[in-house]
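Colleague: Just the structure for this:
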Amino acid sequence: MAALKESLAKRLTYQSRPRSILSPRAVLLFDIDGVIRDVAGSYRRALAETVHHYSGWRPDSGPIDALKGEGRWNNDWEAAMELLRRRGHTPLPDFGELVEVFSGFYFGGDPAGDPKHWRGFIGSEPLLVDRGFFDTLAAADIAWGFVSGAEPPSARFVLERRLGLVDPPLVAMGDAPDKPDPTGLLRLAEQLGGGDPGAAAAPVAYLGDTVADVLTVVRARRHRPERRLVSLAVAPPHLHAPERRQDRRRYEQGLLEAGADRLLQRTDSLTPAELLRWTERDG
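Modeller: Okay, here's the model as predicted:
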């Protein structure tokens, strides 16, 4: 995994052109994991398998959801290390070694190499939207982009290769501090919103599936109190099974308590009309 270490050392970034909408009516930014793709069988599975690799304990969705609900553990490598710490595993592994183990499960090949050679869990991620969803947003003069903690190769793979998006505006791991720091969100919002970042700029909504995503918007408001910033939230797909109804309600309550303005049933249930109504000052 030498290439992965090198990519981390260089803090890979992915620069992309803004959408062609010069003065959009609104800007809609998305998290990727749990919002654009279902990662229960990939990232979350890699997290669980990494913990099991070191400790013999394979956490199910309960401990992982609880950890994510704290709003601090957006980075799955750090989440794996924290689960090991709380389990009492000693000595804790070297962080770089843990990253390599995790990457082996998730990518199953060189993250900087050709995706056709990947044999890991990344190959089994169901998509939660299609290309037409973004075409509909653009047709309504809504600019869109992505602010994600996923590694750049993983983010580009789902957005470009699987969804067929061309040069999607993206802030990924290494492009900005980890969420809930709002730096990446504000930077991309200002890139896509056109003109002055103040009150006259287009309103911004961010759709995520974790407390950290919600807190990113809450903190962004402290930096841009004059701008309309809306937090949209959706429970991750693994909580949508009928037998998980109570777990989902608890999870959604946590999102609301963290400051989410609206809860969605699914990502693709969002319509341009709803978004524009919710981003109005009195919405």
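Colleague: got any ranges where this protein has weak pLDDT?
Modeller: 1-22, 194-199, 281-283 (pLDDT under 70).
Colleague: what do you get if the cut-off is 90, keeping everything else the same?
Modeller: Applying pLDDT under 90 to the chain flags residues 1-23, 69, 71-72, 74, 193-201, 280-283.
Colleague: okay, now the domains of it?
Modeller: As assigned by automatic domain parsing, the chain contains the domains 2-38+125-278, 43-123.
Colleague: Tabulate those domains (a markdown table), appending mean neighbour count.
Modeller: Placement of C-beta: from N, CA and C, glycine included. As requested, the domains of the chain are exported to a markdown table (neighbours: other C-beta atoms under 10 Å):
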| stretch | mean neighbour count |
| --- | --- |
| domain 2-38+125-278 | 19 |
| domain 43-123 | 18 |
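Colleague: What segments of the stretch 51-200 of the chain are strands?
Modeller: Taking DSSP state E, counting those that start in this stretch as the test, the strands found in the stretch 51-200 of the chain are 142-147, 170-171.
Colleague: List the contacts of the longest one.
Modeller: It refers to strand 142-147. When contacts are taken as C-beta atoms under 8 Å, 6 or more residues apart in numbering, the neighbours of strand 142-147 outside the stretch itself are 16, 18-19, 21, 24-32, 36, 134, 137-138, 155, 159, 168-172, 176, 179, 184-185, 188, 191-193, 202, 206, 216, 272, 275-276.
Colleague: give me that answer again for 6 Å
Modeller: Residues from elsewhere that reach strand 142-147 (C-beta atoms under 6 Å, 6 or more residues apart in numbering): 19, 21, 24, 26-30, 32, 134, 137, 169-171, 184-185, 188, 192, 272.
Colleague: Spell out the secondary structure type for A220.
Modeller: What DSSP: H, G, I helix; E, B strand; the rest coil gives for A220 is helix.
Colleague: That one: what's it in contact with?
Modeller: Contact analysis of A220 by C-beta under 6 Å, 6+ apart lists P182, L185, L186, L229.
Colleague: one more time with 10 Å
Modeller: Remark: with contacts taken as C-beta atoms under 10 Å, 6 or more residues apart in numbering, A220 is in contact with 180-186, 189, 204, 206, 227, 229, 231.
Colleague: Rebuild the residues you listed as CSV, extending it with distance to F95.
Modeller: Supplementary listing: these in CSV, determined by distance: C-beta to C-beta, whole Å:
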residue, distance to F95
P180, 21
D181, 20
P182, 25
T183, 23
G184, 22
L185, 26
L186, 28
A189, 31
V204, 34
Y206, 29
R227, 36
L229, 33
S231, 31
